[in-house]
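A.B. asks: When you get a sec, could you give me coordinates for this:
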Amino acid sequence: MECNADKQALSAQLMRGRLDVTVDATHIDPDSLFGFAERRNPKRAFLFVSKVLGRHIPVRPSIMNSSFNSLAAQIPDDLPGPVLVIGMAETAVGLGAGVHRAYSATRPDTVYMVSTRHPTGNDLFARFEEEHSHASAHLIHLPIDADVREMMLNARSLVLVDDEASTGKTFINLHRALVDAGLTRVERVVTCVLTDWSGDAVRKTIGDSAQQVSLLQGAYTFHEDADAPLPEMPAVGSIEPGEWPLSAESDWGRHGIRCVEDTLALDLKVKAGERVLVVGTSEFVWRPFLLAERLERAGADVHFSSTSRSPIALGHAIGHALSFADNYGLGIPNFLYNVSPGQFDRVLICSETPEQAVSAALIESLSAEVIVDGQ
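C.D. replies: A predicted model of the protein is given here:
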């Protein structure tokens, strides 16, 4: 990455071309917020890799929480309620939960939901597409709890959370799908991202009822090398139930929640200064984050990360990659980035599926312990 401090111009030479980025004036050092990487995806070559998200780069929970609070503080407090906050699968389900936690502390009329690629067997409310993605389909389930369902169906404001917005098209697709499915009372829409490169595209499409909030914004241009070979992308787009069906009883967002309790491994003890990595799996990241946050308060040197179905090439912000079978029995590869064997004293892999569903190779390579939700 090269940076011109005066113009805040950054660039990265990728295998398939050059990415040029211009960052608007900000007090935040762009290098502290994101880096670049290359997707193993023929539809889009580049990726903005967040350094505060806790997905592709391990991050201290306190740093993640600071980004949650900073984003939530920018969301208008006069939004008409109920307010429906939606975190985008899979990368931003934890970010959305953190933003919701911070924002809901100021008002009681909020509900949090996630888009998901894991059908639970319960009623679907809507489906939309993230067209450039390695896994383009997103599902929105209908809440099971009657009070939550009523708040969701009567939402007058939407807060749509993702890690970054490149074009804004996914937000536009989601908004359209929600309205078409029956959310006809929506008056305000707020897109909420760490980095926004979309040029206010959502407001230009939806109208003045929409606005954007972000920690950093700017614009990018990708100069593709027409002679560069396209990568072979592994098949990771499944939205099947898988071998290990999910339970709605311990829901943390797929069916809508007001808040999520910290319930994982309540008796777990750590030593002061112990280097601990807490690993969420796929979309199951919020309860693992709450565990990581608790262990950090207890004095351990804690970082948080998560497995992902996103295929990313080595290089730039991705220095190491582990590949293994997913823990939902979908038969698709999953990845854990920038985590090397021996890097931490203790690795805790948190799962909403049984321990036997978690890759034995991953457990062995990291000498990890598995913590299962509900046990």
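A.B. asks: quick one: residue 157 and residue 86, what's the gap?
C.D. replies: 11 Å (CB to CB, to the nearest Å). Bear in mind the C-beta positions are built from the backbone N, C-alpha and C, glycine included.
A.B. asks: These two: who's more crowded?
C.D. replies: residue 86 (30 against 23; other CB atoms under 10 Å).
A.B. asks: Convert the C-alpha atoms of whichever strand or helix holds that one to CSV, please.
C.D. replies: For residue 86, the host element (DSSP states H and E) is strand 83-87. Coordinates of each C-alpha in strand 83-87 appear next as CSV, following Å, rounded to 0.1, in the frame of the first residue of the first chain:
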residue,chain,number,x,y,z
VAL,A,83,-36.1,0.8,14.3
LEU,A,84,-35.0,-2.4,12.5
VAL,A,85,-31.2,-2.9,12.5
ILE,A,86,-30.0,-5.5,10.0
GLY,A,87,-26.4,-6.9,9.9
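A.B. asks: which residues touch it?
C.D. replies: Residues outside strand 83-87 that contact it (CB atoms under 8 Å, 6 or more residues apart in numbering): 93-97, 99-100, 103-104, 107, 109-115, 140, 151-152, 155-162, 174, 183, 253.
A.B. asks: which stretches of the stretch 51-200 of the chain form strands?
C.D. replies: All strands of the stretch 51-200 of the chain, identified by DSSP state E, counting those that start in this stretch, fall at 83-87, 110-114, 124-129, 137-141, 157-165, 188-196.
A.B. asks: any low-confidence regions in the stretch 101-250 of the chain?
C.D. replies: 131-135 (pLDDT under 70).
A.B. asks: so where do the helices sit in it?
C.D. replies: Assigned by DSSP state H, counting those that start in this stretch, the helices in the stretch 101-250 of the chain fall at 146-153, 169-181, 201-206.
A.B. asks: Tabulate those in CSV, adding columns for distance to residue 16 and mean neighbour count.
C.D. replies: Output for the helices of the stretch 101-250 of the chain, formatted as CSV (distance: least, CB to CB, whole Å; neighbours: other CB atoms under 10 Å):
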stretch, distance to residue 16, mean neighbour count
helix 146-153, 41, 16
helix 169-181, 21, 20
helix 201-206, 24, 18
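A.B. asks: Pipe the ones you listed into JSON lines and attach distance to residue 120 per row.
C.D. replies: Shown next, in JSON lines, are those (distance: least, CB to CB, whole Å):
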{"stretch": "helix 146-153", "distance to residue 120": "15"}
{"stretch": "helix 169-181", "distance to residue 120": "17"}
{"stretch": "helix 201-206", "distance to residue 120": "29"}
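A.B. asks: which stretch among those comes nearest residue 242?
C.D. replies: Across the helices of the stretch 101-250 of the chain, residue 242 has its closest neighbour in helix 169-181 (23.6 Å, CB to CB).
A.B. asks: Not counting that closest one itself, show me its contacts.
C.D. replies: 86, 88, 115, 125-131, 133, 138, 140, 158, 160, 162, 165, 186, 189, 191, 201-202, 205-206, 210.
A.B. asks: Buried subset of those residues as a PyMOL selection?
C.D. replies: The PyMOL selection below is limited to those of these classed as buried (16 or more other CB atoms under 10 Å):
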select buried, resi 86+88+115+125+126+128+130+133+138+140+158+160+162+165+186+189+191+201+202+206+210
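A.B. asks: Setting aside sequence-adjacent positions, which residue approaches residue 287 most closely?
C.D. replies: Using CB to CB, 6 or more residues apart in numbering and skipping residues adjacent in sequence, the residue nearest residue 287 is residue 264, 5.2 Å away.
A.B. asks: how close does the one you found get to residue 291?
C.D. replies: Residue 264 is 4 Å from residue 291, by CB to CB.
A.B. asks: Over to residue 237?
C.D. replies: For residue 237 relative to residue 291 (CB to CB), the value is 30 Å.
A.B. asks: One more: residue 19?
C.D. replies: Counting by CB to CB, the gap from residue 19 to residue 291 is 36 Å.
A.B. asks: go on, residue 20?
C.D. replies: 40 Å.
A.B. asks: who's more crowded, the two?
C.D. replies: residue 291 (25 against 15).
A.B. asks: For the helix or strand where that one lies, list the C-alpha coordinates in CSV.
C.D. replies: Here residue 291 sits within helix 286-297, counting by DSSP H and E. In CSV, the C-alpha atoms belonging to helix 286-297 read as follows (Å, rounded to 0.1, in the frame of the first residue of the first chain):
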residue,chain,number,x,y,z
TRP,A,286,-21.8,-12.3,18.6
ARG,A,287,-21.9,-14.7,21.5
PRO,A,288,-18.2,-15.6,20.9
PHE,A,289,-17.5,-11.9,20.8
LEU,A,290,-19.2,-11.4,24.2
LEU,A,291,-17.0,-14.2,25.6
ALA,A,292,-13.9,-12.5,24.2
GLU,A,293,-14.9,-9.2,25.7
ARG,A,294,-15.4,-10.9,29.1
LEU,A,295,-12.0,-12.6,28.9
GLU,A,296,-10.3,-9.3,28.0
ARG,A,297,-11.9,-7.6,31.0
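A.B. asks: Begin at 10, not 1, for the rest of this chat.
C.D. replies: OK, 10 is where the count begins now, so the last one is helix 295-306.
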